[in-house]
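Q: this one's structure only:
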């Protein structure tokens, strides 16, 4: 590619910025929540809109059925000559918007305030993969030849653990064979800190229900003679973490890969400031596993979190009852080489041992994903560091991501492809929280990054092959 | 009173049984929930209906305003001659009906199934004081002279701690001066086990909120570096009770009146069967403070119960968050000579000591009531044991009630009057639970009991005065 081509693309991306934002707003209006059956219609409409939009750009797009929500598959038209092939992964489903009362603007009515676009799904993940789509549009509309083939694979079940995607990848294994997968669904530390993530935490989840009396009981008449399931739940969960922030499930840490001195040095370069971090989260004091820095704690160490707790009276005022049951939703973030299966099994054994005979325990487990890790010193990673340097005009950071992208490990297992994690969500973008947003300058840089990527990735690959 | 008079009353009560049940159903149709502002209209309509009904019976009834919900005051017309004066206390407000899904019949559409009338408030407390109203109706309609003056005082805030009644009693202190207060709002162990309660537990409540991050956080991005308020809540509450069922708040047991050998012997006569009790509650195993029988545990020992627990995601599916806050609703049942003020203060001090610096704690306290206790060997208690023997044709039991009637201690303090607790709620009547009911045979016996009471109480009193 001649540098004039890149200028044409840059000019196009700049000239059409306003329209791109309007189109993204249109995309964000669909309440495509996958965890809650009430939003099914919004989800289907969103997938259809996306398919149509991909066609408008010039991609060959299909809406592919699965047992769950459909996958949008959109490919660049193939010329005869063999080019490298990259997948771009994203997801059009979003987290539930609740609690609605905490949103300053309605979650599915996108609003621009300052430099940010507020809406559920703005950064996680619609805005991020939309930047890649717009970069491809720029290649097409400026008649600059794409030096590679691309396939966008945008699914609708990421927020519920991607139950259908592994099967989809297996069914379409041949046409999806690729040289790498590009995923923008991780954190960007700041506009001056483009970030390349070389690892992800895995995840597994479980729901524990403790059943006590067959109905809520009058706490005066019966109080003192039967176990309170809410108290039993508190005692059960309280014992799972010690005062040093260590998880007490036996053998929980057995398979944990220790942080290398190289990684600890790379993490120490992150622009982390404990005071402003504390302030941005609104907590009176930070808390984490003793012996690790905050950056390490939330990316390279496993966790156990209570995501939800429900028992007894939830409404206004008091209700003098012994609740009939108590429920807790838990997730654990895993690091290499922990596996969801083993951790869930260890947890269940431990809970069964701890559960008192005064209540009945029911455990259901949720879809998990393995942690992911590639060497931060590999060739592809070095090429991408160059792309980030060009697009953001700053020295990029190496990071491990604390979140989980269930599908990354499956790309590795099924397609034998590495994933390149080029996050575009700022740390304060409120992913999974009320007032989720997407920074519009990051959107612009993200389109540029994508444009550079399709230029430099094939070049790096050809150099490596020579 | 001649025995022919009692026969006339018995006949009247028997002949009009069907109508009494229909009238009670009418009364139960009002959703007079006091703890939830959404039910305000049902509450007002209920009070008006009750006032009109008292007038229909022949009482001089007034609907008396308070700062909260109105009190229905209904008095027998006074003749010139001085008779003993008794108050009959009841409450027309009811517990919230939630969880609605567990009701077999709608809570405010009374249904008779077998010998029981199902509705919220059926036994707690509409059915119980209605029995007393019908006994008075029988005296009036059969032209049998009542040997005493009666004042019904039926309030609408019992389930929220009777905030207005103490003031009401003080304002009307002169006209409410009385020889005793009769309250049917406690447990009847069975049709063959008429029960006289000589004590009540007190109660105090508090709501604890732990605030962590200013918003729900992504458990991947931030997990491991900040406290999870739900976990902090579990650890805080778990420590409040030890494995022997003892409450661990320092000094909590300091003022507890020890059970006397006389009381332990009386309690041992209760027809208690651990297996059927366990079965009726649906629990796999009983649990209570070591060293006490079940009857003692749930009437003469203090408790701490979690009534509600709320944090994070409550809906379907998963949500990978660190919740912003966690809330627990707690009540403690108190025994003589504990006081709500002291116990709440001890609890707050202890919680503040336990609360980690990683969250912000907010405690709000709820209206409490003192425990109540009269000697089971006093003269009035002996008279009432005779009434129960006549009405139920069985040997009555002496008991202490595990529940709380906030107003009993105020009758003692403000009116200097003892309360006679003549419960008509069977242990399986599901007070405060879904499928609350009232046994219609107990309703009939209760009317008879009330009729005997107005005959024998004045006689016992005159005998004592001679």
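A: The structure has been received and is ready for your questions. Predicted model, so just to flag it, every value in this text is computed and none were measured.
Q: CA only for contacts and neighbour counts going forward, please
A: Will do.
Q: what bits of the stretch 301-450 of chain A have low per-residue confidence?
A: Applying pLDDT under 70 to the stretch 301-450 of chain A flags the ranges A:367.
Q: strands along that one, start to end?
A: A:303-312, A:321-322, A:325-334, A:360-369, A:372-373, A:397-401, A:419-421, A:437-439 (DSSP state E, counting those that start in this stretch).
Q: the stretch 151-300 of chain A now?
A: Going by DSSP E, counting those that start in this stretch, the stretch 151-300 of chain A shows strands at A:180-183, A:195-200, A:202-211, A:217-218.
Q: so which of those is the most packed in?
A: strand A:195-200 (a mean of 26; mean count of other C-alpha atoms under 10 Å in any protein chain shown).
Q: would you turn the strands of the stretch 301-450 of chain A into a markdown table with mean neighbour count?
A: Shown next, in a markdown table, are the strands of the stretch 301-450 of chain A (neighbours: other C-alpha atoms under 10 Å in any protein chain shown):
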| stretch | mean neighbour count |
| --- | --- |
| strand A:303-312 | 26 |
| strand A:321-322 | 30 |
| strand A:325-334 | 27 |
| strand A:360-369 | 18 |
| strand A:372-373 | 23 |
| strand A:397-401 | 24 |
| strand A:419-421 | 25 |
| strand A:437-439 | 27 |
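Q: compare those and give me the one nearest residue B:35.
A: strand A:321-322 (13.6 Å; C-alpha to C-alpha).
Q: what packs against that closest one?
A: Identification of packing neighbours for strand A:321-322 by 3 or more C-alpha pairs under 8 Å, 6 or more residues apart in numbering or on different chains; DSSP states H and E yields strand A:217-218, strand B:303-312.
Q: now render these as CSV, adding distance to residue B:99.
A: What follows is the helices and strands packed on strand A:321-322, written out as CSV (distance: least, C-alpha to C-alpha, whole Å):
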stretch, distance to residue B:99
strand A:217-218, 12
strand B:303-312, 13
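Q: looking at the strands of the stretch 151-300 of chain A, which one has the lowest mean pLDDT?
A: If the strands of the stretch 151-300 of chain A are sorted by mean pLDDT, strand A:195-200 sits at the bottom with a mean of 90.
Q: ok and it relative to strand A:397-401, angle-wise?
A: In terms of direction (axes from the mean of the first three to the mean of the last three C-alpha atoms, to 10 degrees), strand A:195-200 departs from strand A:397-401 by 30 degrees.
Q: tell me if strand A:195-200 is near chain B.
A: No: shown here: strand A:195-200 not in contact with chain B (C-alpha under 8 Å from any C-alpha of the partner chain), separated by at least 9.2 Å.
Q: now do that strand: everything it contacts.
A: A:186-189, A:299, A:335, A:371-376, A:381, A:384-385, A:388, A:396-405, A:420-423 (C-alpha atoms under 8 Å, 6 or more residues apart in numbering or on different chains).
Q: filter the residues you listed to the buried ones?
A: A:186-189, A:299, A:335, A:371-373, A:376, A:381, A:384-385, A:388, A:396-405, A:420-423 (16 or more other C-alpha atoms under 10 Å in any protein chain shown).
Q: quick one: residue A:190 and residue A:426 touch, right?
A: Yes: using C-alpha atoms under 8 Å, residue A:190 is in contact with residue A:426, at 6.1 Å.
Q: more neighbours, the two?
A: Set residue A:190 next to residue A:426 and count neighbours by other C-alpha atoms under 10 Å in any protein chain shown: residue A:426 wins out with 19 against 15.
Q: by proximity to chain B, which residue of the stretch 1-150 of chain A wins?
A: Residue of the stretch 1-150 of chain A nearest chain B, by C-alpha to the nearest C-alpha: residue A:35 (5.5 Å).
Q: that residue and residue B:315 touch, don't they?
A: No: counting by C-alpha under 8 Å, residue A:35 does not reach residue B:315; the two are 9.3 Å apart.
Q: which one's more surrounded, those two?
A: residue A:35 (22 against 13).
Q: for the residue located most distally from the centre of chain A, what are its contacts?
A: For chain A, the largest distance from the centre (C-alpha atoms, centre = their mean) belongs to residue A:221, which lies 48.7 Å off. The contact partners of residue A:221, by C-alpha under 8 Å, 6+ apart, come to B:298-299, B:401-403.
Q: residue A:434: which of those is nearest?
A: Here the nearest of these to residue A:434, counting by C-alpha to C-alpha, is residue B:403; it sits at 42.0 Å.
Q: since we're on residue A:462, how many residues are nearby?
A: Around residue A:462 there are 11 other residues, counting by other C-alpha under 10 Å.
Q: list the helices and strands the strand or helix carrying it packs on?
A: Per DSSP states H and E: residue A:462 is located in helix A:440-465. Applying 3+ C-alpha pairs under 8 Å, 6+ apart, one finds that helix A:440-465 contacts helix A:3-15, helix A:127-141, helix A:379-392.
Q: let's see it at 10 Å
A: Packing contacts for helix A:440-465, counted by 3 or more C-alpha pairs under 10 Å, 6 or more residues apart in numbering or on different chains; DSSP states H and E, involve helix A:3-15, helix A:17-28, strand A:85-91, strand A:116-118, helix A:127-141, strand A:149-155, strand A:180-183, helix A:379-392.
Q: could you report the pLDDT at the residue nearest to residue A:69 when sequence neighbours are not counted?
A: In space, and not counting its chain neighbours, residue A:69 is closest to residue A:156: 5.5 Å by C-alpha to C-alpha, 6 or more residues apart in numbering or on different chains. Residue A:156 carries a pLDDT score of 97 in this model.
Q: then residue A:250?
A: 98.
Q: out of the helices and strands packed on helix A:440-465, which is closest to residue B:255?
A: Closest of the helices and strands packed on helix A:440-465 to residue B:255 is strand A:116-118, at 57.2 Å (criterion: C-alpha to C-alpha).
Q: measure residue A:184 to residue A:232 for me?
A: 42 Å (C-alpha to C-alpha, to the nearest Å).
Q: and these two? Which one has more around it.
A: Between residue A:184 and residue A:232, residue A:184 has the larger neighbour count (other C-alpha under 10 Å), namely 29 against 25.
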